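Visitor: quick one, what's the 3D model for this:
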Amino acid sequence: MATTKKTETKAAEKKTAAKTATKAAEKKTATKAAEKKTATKAAEKKTTAAKKAPAKKTAAKKAAPAKKTTTKKAAASKVAVFVEFGGVQVSIDEVIQNVKKTNGKAAKELTVYLKPEESKAYFVADGEEKEMDVYFC
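Guide: Residues are numbered from 1 along each chain as shown. Have a look, this model is predicted:
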């Protein structure tokens, strides 16, 4: 009987080892299946994101022309500025035209300082300081 018990014990150990190996294999299979599901979901998200991305770009392109339209309206409005001193008005546009004539050449950068109490316009054209008379008549 002793040999029978040893044989039965060995058989039981083999069954236990087989069950353990089977469980380990099942865990590996389940883990691989879960990884495949995760990879599939990630691929679906990328595909969905790729499909949604062009829609966002077209929406941004549609919004840009609307802004350009508003700037055109702002540029189309005309502003007239006058300086009044001693009851007489002088248009700023007129002063700027006279400054350009007095300078004699086209300037890349022009800054004008108007002093009505002295009836003068001081200006800097491309780094050169000059002055001219402004008549408040």
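
Visitor: outline the domain layout of the chain.
Guide: 1-76, 82-133 (automatic domain parsing).

Visitor: low pLDDT regions in the chain?
Guide: For the chain, applying pLDDT under 70 flags the ranges 1-8, 11-12, 17-18, 21, 24-25, 30-34, 36-75, 137.

Visitor: can you pull out the strands in it?
Guide: 82-85, 88-91, 110-115, 120-125, 128-133 (DSSP state E).

Visitor: what's the most buried one of these?
Guide: Most buried of the strands of the chain, by mean neighbour count (mean count of other C-beta atoms under 10 Å): strand 120-125, with a mean of 18. Where you see a C-beta, it was placed from the backbone N, CA and C, and this is true even at glycine.

Visitor: parallel or antiparallel, list what pairs with that one.
Guide: Strand pairing for strand 120-125, using DSSP bridges, gives strand 110-115 (antiparallel), strand 128-133 (antiparallel).

Visitor: let's have those in CSV, adding distance to T29.
Guide: Shown next, in CSV, are those (distance: least, C-beta to C-beta, whole Å):
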stretch, distance to T29
strand 110-115, 81
strand 128-133, 87
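
Visitor: quick one, what contacts Y113?
Guide: A121, Y122, F123 (C-beta atoms under 8 Å, 6 or more residues apart in numbering).

Visitor: quickly note the distance from L110 to K130.
Guide: Counting by C-beta to C-beta, to the nearest Å, the separation of L110 from K130 is 10 Å.

Visitor: joint contacts of these two?
Guide: N103, F123, V124.

Visitor: roughly how far apart are K10 and K23?
Guide: Distance from K10 to K23, counting by C-beta to C-beta: 20 Å.

Visitor: and what of Y113?
Guide: 92 Å.

Visitor: G104 now?
Guide: Relative to K23, and taking C-beta to C-beta, G104 is found at 99 Å.
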